[in-house]
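Peer 1: I'd like to go over a predicted model; first the sequence, then the structure.
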Amino acid sequence: MANESIRNMLDRPEAGGPGVVQGWLRSVRHGKGVSFLDVSDGSCLAGMQVVADPGTEGFESVVRGLGTGSAIRAEGEVVESPGKGQRYELHASRVVLVGEAGADYPLQKKRHGFEFLRSIAHLRPRTNTLGAVLRVRNAASMAIHDFFQREGFFYLHTPIITASDAEGAGEMFRVTTLPEEDPPRDAEGRVDPSRDFFGRPTFLTVSGQLEAEIGALALSRVYTFGPTFRAENSNTARHLAEFWMVEPEVAFCDLGGLADLAERFLKSVFGDVLDRCEDDMAFFEKRIESEAITRMKRVIEEPFERIPYREVVSILEKSGQDFDFPVGFGLDLQSEHERWLTEQHVGRPVVVTDWPASIKAFYMYRNDDDETVAAMDVLVGGVGEIIGGSQREHRLPILEETIRAQGLEPDAYWWYLDLRRFGSVPHAGFGLGFERLVQFMTGMANIRDVAPFPRAPGLVEF
Ligand code: 4AD
Ligand code: MG
């Protein structure tokens, strides 16, 4: 018999006909002369109820001894379900035990705390919540590719191992094959990177942006979508040491065009995910965040607000709020400021533009006031900063000057500077933190619960 997922089975136009269900038991109920098996194969939030009775082959030998977590295969007939909440069920003619889970199976029918589930990350995809998260991640990934492909962007594969610090912030993980014991040393006794694999210090990338700029200045519109790494020691609910970033880069584009792109992009992705993950999103709205769907719909329907950083500072100063962190020109916005602004003050996504040059990366376009750069952060409720981007400095002398002023070495960025020598054009791009996007959509409070295998300080087991 052909292999049919539960999702497809539930999509059948009508009941009747044979069916095979293969999956893991979420719960088992044994009644008098009948057993109800709730089987999930992860293809959708719903499981399939398998009903077995003494006429079922394996009823005594298999079914009556089954417990949660075991893997089974059930064959039988797909019939209308008299029970509430499910369309069909399977009346089993035969049940086979494929893989037993003993009584020490750690997931039981009751709700488990997310912190506990993190300690069994090899099993948590079998829970409703993590299963739904993984399906939403999948749908969002496809929606992202669909959007950019539709808009004429080319998917560029930027490297993961790099010799340059794209953010200039020094938060990079070192990549080395030098021996731990007795590595080669230079004349001063320091470990000698020239004898390392690449002949120089190398790192895991913090962003694909610099290479995306190479792509944009040849193909005009490109995007990257890949893992990025930050060795910042942040133990917060919205920081990971390894996360996925989506980074479009557009030639002949300024900050206004970039903000338009970001708005179209988020609206399109949210619309697709609501379409494709109806059941999962309904689950998040019921169990995790009662506003999950409403707030996505509001993002789709309402225009984003654009406010220059300077004005944001004055709004925050006059807010009368008792913030933990200080507010003032030249200070970065903290999550509490971001959230108050977008959730309480504006009530819609906010694009904060034109930030002080002193707190932003070296590559951003310097505005005429010589004090701010053409940067933007897109803020949304619950999460705060979801996108960071900018118009890029395409004028060679200014870029060189900023690189020096930030204590970086222009030679290390020679090819990046070359792009400003040979056919330089205004261009712009942004980075979307994929896990923060999933956090916003699902309402999950902790970013560690929207990544299948979260990486954070001290967290690397799975
Ligand atoms: O604002 P960031 O640092 O911008 C860049 O890296 C630019 N090079 C992007 C570009 O212009 N191409 O990071 C972009 C986004 C943030 O807005 C946030 O959503 C996410 O990446 N992000 C993180 N997500 C999870 N954990 C972390 N430690 C993150 N750091 C940034
Ligand atoms: Mg940022």
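Peer 2: Sure thing, it's come through. Numbers count the residues shown, from 1 in each chain. Ligands and ions are numbered 1, 2, ... in the order given.
Peer 1: burial measure for residue 353, as a count.
Peer 2: Neighbours of residue 353 under the rule other CB atoms under 10 Å: 24. (Each C-beta comes from the backbone N, C-alpha and C, glycine too.)
Peer 1: Please verify my assumption that it contacts residue 378.
Peer 2: No - taking contacts as CB atoms under 8 Å, residue 353 lies outside contact range of residue 378: 10.1 Å.
Peer 1: and for these two, which residues touch both?
Peer 2: Common contacts of residue 353 and residue 378, defined by CB atoms under 8 Å, 6 or more residues apart in numbering, comprise residue 259.
Peer 1: Could you give the backbone dihedrals for the closest residue in space to residue 455 that isn't next to it in sequence?
Peer 2: Counting by CB to CB, 6 or more residues apart in numbering, residue 242 is the residue found nearest to residue 455 once chain neighbours are left out, at 3.9 Å. The phi and psi values for residue 242, taken as degrees, to the nearest 10, are phi -130, psi 120.
Peer 1: Tell me what residue 242 is bridged to.
Peer 2: Beta-bridge pairing for residue 242 (DSSP bridges): residue 229.
Peer 1: show me the contacts for residue 424.
Peer 2: 217, 394-396.
Peer 1: For the stretch 101-250 of the chain, list the residues in contact with ligand 1, please.
Peer 2: Residues of the stretch 101-250 of the chain lying close to ligand 1 (CB under 6 Å from any ligand atom) are 166-167, 207, 209, 230, 239-240, 243, 245, 247.
Peer 1: so can I have TSV of these showing secondary structure and neighbour count?
Peer 2: TSV is the format used below for these (DSSP: H, G, I helix; E, B strand; the rest coil; neighbours: other CB atoms under 10 Å):
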residue	secondary structure	neighbour count
166	coil	26
167	coil	20
207	coil	23
209	helix	26
230	coil	21
239	coil	18
240	coil	23
243	strand	21
245	strand	23
247	strand	25
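Peer 1: Which residue does the stretch 251-400 of the chain have closest to ligand 1?
Peer 2: In the stretch 251-400 of the chain, the residue that lies nearest ligand 1 is residue 388 (2.5 Å; CB to the nearest ligand atom).
Peer 1: Got a PyMOL select line for the buried ones in the contacts of residue 424?
Peer 2: The buried subset of the contacts of residue 424, as determined by 16 or more other CB atoms under 10 Å, is captured in PyMOL by this line:
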select buried, resi 217+394
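Peer 1: now the contacts of residue 424 as CSV including secondary structure and distance to residue 177?
Peer 2: What follows is the contacts of residue 424, written out as CSV (DSSP: H, G, I helix; E, B strand; the rest coil; distance: CB to CB, whole Å):
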residue, secondary structure, distance to residue 177
217, helix, 33
394, coil, 37
395, coil, 39
396, helix, 36
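Peer 1: now the contacts of residue 424 in TSV, with pLDDT and distance to residue 18?
Peer 2: Formatted as TSV, the contacts of residue 424 follow (pLDDT from 0 to 100; distance: CB to CB, whole Å):
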residue	pLDDT	distance to residue 18
217	98	58
394	98	64
395	98	70
396	98	70
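Peer 1: low pLDDT regions in the chain?
Peer 2: 1-2 (pLDDT under 70).
Peer 1: Tell me which residue is most central in it.
Peer 2: Residue closest to the mean C-alpha point of the chain, counted by CA atoms, centre = their mean, is residue 435 at 2.2 Å.
Peer 1: pretty sure that one belongs to a strand, no?
Peer 2: No - under DSSP: H, G, I helix; E, B strand; the rest coil, residue 435 sits outside any strand and is assigned helix.
Peer 1: For it, list the residues it contacts.
Peer 2: Applying CB under 8 Å, 6+ apart, we find residue 435 in contact with 240, 243-244, 447, 450-451.
Peer 1: ok, back up a step: got a list of what the residue of the stretch 251-400 of the chain closest to ligand 1 touches?
Peer 2: If a contact means CB under 8 Å, 6+ apart, then residue 388 has 375-378, 430-431 as its contacts.
Peer 1: How many residues are close by residue 93?
Peer 2: Residues near residue 93, counting by other CB under 10 Å, number 15.
Peer 1: That one contacts residue 75, doesn't it?
Peer 2: Yes - the criterion here is CB under 8 Å, and residue 93 meets it with residue 75 at 5.7 Å.
Peer 1: Show me the beta-bridge partners of residue 428.
Peer 2: Residues in a beta bridge with residue 428, per DSSP bridges, are residue 250, residue 391.
Peer 1: Does the residue of the stretch 251-400 of the chain closest to ligand 1 lie in a helix or a strand, and which?
Peer 2: Assigned by DSSP states H and E, residue 388 falls within strand 384-391.
Peer 1: Next SSE downstream of that strand?
Peer 2: Using DSSP H and E, the helix or strand that follows strand 384-391 in sequence is helix 396-405.
Peer 1: Now do that next one: distance to the chain's middle.
Peer 2: Its chain's C-alpha centre and that of helix 396-405 lie 33 Å apart, by CA atoms, centre = their mean, to the nearest Å.
Peer 1: Please identify the buried residues of that helix?
Peer 2: Neighbour-count burial for helix 396-405 flags 399-400, 402-403 (criterion: 16+ other CB under 10 Å).
Peer 1: could I get these as TSV with distance to residue 130?
Peer 2: Formatted as TSV, these follow (distance: CB to CB, whole Å):
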residue	distance to residue 130
399	44
400	48
402	43
403	43
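Peer 1: I'd like to know which of those is nearest to residue 7.
Peer 2: Residue 7 lies nearest to residue 399 out of the buried residues of helix 396-405, by CB to CB, at 51.2 Å.
Peer 1: Good, wrapping up.
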